[in-house]
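Visitor: model this:
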Amino acid sequence: MIYAIIIAVFVIAAIWFYFTRLVTPTATKFTEPTKKALVLYFSPAGKTKRLAQKVQAQTNADIVEIEGTKPYKADPKGRAFVEWVTAATPEVVSKLDDIDDYDTIFLAYPIWYDTAPMIVKQVLKKHNFSNKNIVPVVSFNAVSRGEGRSIRMIRHHAPRANVMPRLVLQDNDQDTQLIKDYLNEVSYK
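Guide: Numbering: from 1, shown residues only. So this is what the prediction gives:
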């Protein structure tokens with residue numbers, strides 16, 4: 001009986017350790033200067049696009065929108081719910097043929113149903129993010145609702161990437177300073 005309890009405690013601890021590790025960043029600082037950066041964003045409603053443009057303005061990075069072959073119209077959250085429940089992977093209009101040219105990717109997306117949209121998962125699966133720094137960019141109102149699961153998604157589908165701490169923006173006039181503070185805190189150059 002005592003052995004069963006010890007084994008059960010060990011298994012629970014191992015599972016807890018595994019999932020806790022997956023929701024935390026793999027690094028907290030940039031170890032080398034960035035050579036070339038990209039802001040990659042998905043924004044069917046326009047809010048994430050505004051955030052991505054603010055990041056692009058502060059980093060002088062290139063910027064590319066993630067677009068599906070079937071546009072997200074009228075009710076993107078309704079479609080997102082169906083994709084989430086069915087674990088669908090929507091097809092992406094590929095504009096990332098030169099992803100190898102970038103060493104830092106600012107990945108901006110909304111949080112839908114406690115994680116990143118499935119189209120972001122598809123981009124992570126479709127392209128090689130090995131040895132790249134990925135900075136998750138989310139809005140403030142999404143922080144308590146799923147940014148950890150989205151980091152888990154990034155780490156799962158881009159396992160050889162260096163996932164940085166999330167950049168949390170508020171979609172207001174304070175964003176420019178928040179971006180500058182973040183870039184300074186993580187030693188982005």
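
Visitor: quick one: strands adjacent to the top strand by length along the chain?
Guide: If you go by DSSP state E, the chain has its longest strand at strand 133-139. Strand pairing for strand 133-139, determined by DSSP bridges: strand 104-108 (parallel), strand 162-163 (parallel), strand 167-169 (parallel).

Visitor: Quick one: the ones you listed as a markdown table, columns for distance to Ala116 too.
Guide: C-betas here are computed from N, CA, C, even on glycine. What follows is the strands paired with strand 133-139, written out as a markdown table (distance: least, CB to CB, whole Å):
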| stretch | distance to Ala116 |
| --- | --- |
| strand 104-108 | 8 |
| strand 162-163 | 12 |
| strand 167-169 | 14 |
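
Visitor: Kindly reformat those strands as a markdown table containing mean pLDDT.
Guide: Shown next, in a markdown table, are those (pLDDT from 0 to 100):
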| stretch | mean pLDDT |
| --- | --- |
| strand 104-108 | 97 |
| strand 162-163 | 93 |
| strand 167-169 | 91 |
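
Visitor: List the residues that contact Pro90.
Guide: 68-70, 83, 118-119, 122 (CB atoms under 8 Å, 6 or more residues apart in numbering).

Visitor: Let me know which of the strands paired with strand 133-139 is the nearest to Val64.
Guide: With CB to CB as the measure, strand 104-108 is the member of the strands paired with strand 133-139 nearest Val64 (9.8 Å).

Visitor: got the CA positions of that closest one in CSV?
Guide: The C-alpha trace of strand 104-108 is given here as CSV (Å, rounded to 0.1, in the frame of the first residue of the first chain):
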residue,chain,number,x,y,z
THR,A,104,13.4,36.7,-33.9
ILE,A,105,9.7,36.3,-34.4
PHE,A,106,7.2,38.5,-32.5
LEU,A,107,4.1,36.3,-32.8
ALA,A,108,0.9,38.3,-32.1
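
Visitor: Just the ones of the contacts of Pro90 in helices?
Guide: Among these, the subset assigned to helices under DSSP state H consists of 83, 118-119, 122.

Visitor: Just the pLDDT at Asp75, thanks.
Guide: In this model, Asp75 is scored at 67, pLDDT.

Visitor: what's the closest non-adjacent residue to Ile119?
Guide: Nearest residue to Ile119, sequence neighbours excluded (CB to CB, 6 or more residues apart in numbering): Pro90, at 4.7 Å.

Visitor: Can you classify the one you found by secondary structure?
Guide: Judged by DSSP: H, G, I helix; E, B strand; the rest coil, the three-state class of Pro90 is coil.

Visitor: for the closest residue in space to Ser130 that isn't next to it in sequence, helix, strand, or coil?
Guide: The shortest distance from Ser130 to any non-neighbouring residue, by CB to CB, 6+ apart, is to Arg160 (3.8 Å). For Arg160, the assignment made with three-state DSSP gives coil.

Visitor: List the residues that contact Arg160.
Guide: If you count contacts by CB under 8 Å, 6+ apart, Arg160 has them with 129-131.
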